[in-house]
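Student: turn this into a model:
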Amino acid sequence: MRLIDTHTHLDFPDFDADRTDVLARSRELGVERLVILGVHQANWQRVWQLVEGDKNLYAALGLHPIYLAEHQPHHLQELREWLQRLEGHPQLCAVGEIGLDYFIETLDRQQQQTWFEAQLQLAAEFELPALIHVRRTHAKVIATLKRIRLKRGGIIHAFSGSYEEAREYIKLGFKLGLGGAPTWPQALRMHRVLPQLPLDAIVLETDSPDMPPAMYPQQRNSPEHLPDICHALALHFKLDAEQLASITSANAAALFGWSS
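Tutor: Next up is the predicted model:
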């Protein structure tokens with residue numbers, strides 16, 4: 001099985017004690033490539049240092065809405081400078097993690113929108129995909145993406161919307177990231193939506209150390225869990241896990257411009 005984890009936070013302190021071992025075990029299980037996402041200005045350097053040491057790790061850099069209180073106006077200019085400096089580097093693959101989060105009610109919605117749009121503009125300018133966080137904001141994100149079109153689309157992280165919302169994202173050139181959440185028995189809506197999704201529009205992810213799948217409850221999520229996530233999701237598509245791994249890895253490689 002050959003897999004790509006399109007969304008992990010392997011740089012987080014949760015992995016400081018055993019990061020090398022986690023990567024080694026993940027590779028043994030078939031997780032060949034991983035995308036590590038920056039979420040605020042203070043962790044971009046750590047993300048980049050991590051991927052620089054391994055040709056099968058890739059970086060996305062962005063300003064996540066959950067860290068809104070930490071973002072400063074000059075961070076947007078610093079993000080532009082990072083993208084300029086790394087432009088064309090094979091291990092810079094996207095702008096992200098960016099997006100909108102209305103689940104946390106204390107996050108100012110207008111400020112979120114301002115940061116989101118500014119970073120979409122950077123993704124458009126540097127012709128990079130965007131990796132987008134969406135919580136209770138599908139309509140707003142779709143409307144924004146219709147105004148700010150991205151040539152290379154991107155990924156809707158941890159997609160949990162309706163089939164109609166999925167169709168809108170797909171029309172805009174986006175893939176849908178599927179991870180641990182749909183493996184839970186109570187994810188009934190997603191269980192209805194999954195079989196309707198076109199196979200060329202899905203990619204796999206873990207969001208590790210967060211969002212563990214049902215088979216690893218209350219544990220640190222890890223790229224090592226991606227094969228089990230793949231097995232669980234394959235049942236909904238009436239595929240075997242090898243087929244789903246092959247399809248989703250090809251989708252991810254095409255999005256990021258990697259050779260298969």
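
Student: strands of the stretch 101-250 of the chain, start to end?
Tutor: Using DSSP state E, counting those that start in this stretch, the strands assigned to the stretch 101-250 of the chain run over residues 130-135, 154-156, 174-178, 202-204.

Student: so which residues of the stretch 151-260 of the chain form helices?
Tutor: Ranges of helices in the stretch 151-260 of the chain, per DSSP state H, counting those that start in this stretch, are 163-171, 188-193, 226-236, 241-256.

Student: could you export those helices as TSV, including mean pLDDT and distance to I98?
Tutor: Every residue, glycine included, has its C-beta placed from N, CA and C. Below are these laid out as TSV (pLDDT from 0 to 100; distance: least, C-beta to C-beta, whole Å):
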stretch	mean pLDDT	distance to I98
helix 163-171	98	15
helix 188-193	97	23
helix 226-236	98	23
helix 241-256	98	16
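
Student: between the ones you listed, which gets nearest to V47?
Tutor: Nearest of the helices of the stretch 151-260 of the chain to V47, taken as C-beta to C-beta: helix 241-256 at 15.8 Å.

Student: dump the helices of the stretch 151-260 of the chain into TSV; add mean neighbour count as well.
Tutor: What follows is those, written out as TSV (neighbours: other C-beta atoms under 10 Å):
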stretch	mean neighbour count
helix 163-171	17
helix 188-193	15
helix 226-236	21
helix 241-256	20
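
Student: which one of the ones you listed lies closest to A214?
Tutor: That would be helix 226-236 among those, by C-beta to C-beta, at 7.2 Å.

Student: distance from the closest one to the middle of the chain?
Tutor: 17 Å (C-alpha atoms, centre = their mean, to the nearest Å).

Student: not counting sequence-adjacent ones, nearest residue to the residue nearest the centre of the chain?
Tutor: For the chain, the residue nearest the mean C-alpha position is H7 (3.7 Å; C-alpha atoms, centre = their mean). With sequence-adjacent residues excluded and distances taken as C-beta to C-beta, 6 or more residues apart in numbering, H7 is closest to E205, at 3.6 Å.

Student: sketch out the low-pLDDT regions of the protein for me.
Tutor: Scanning the chain for pLDDT under 70 picks out the ranges 260.

Student: if we can go back for a sec, reformat the strands of the stretch 101-250 of the chain as a markdown table; add distance to P73 and mean neighbour count.
Tutor: Formatted as a markdown table, the strands of the stretch 101-250 of the chain follow (distance: least, C-beta to C-beta, whole Å; neighbours: other C-beta atoms under 10 Å):
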| stretch | distance to P73 | mean neighbour count |
| --- | --- | --- |
| strand 130-135 | 20 | 26 |
| strand 154-156 | 24 | 29 |
| strand 174-178 | 28 | 25 |
| strand 202-204 | 33 | 25 |
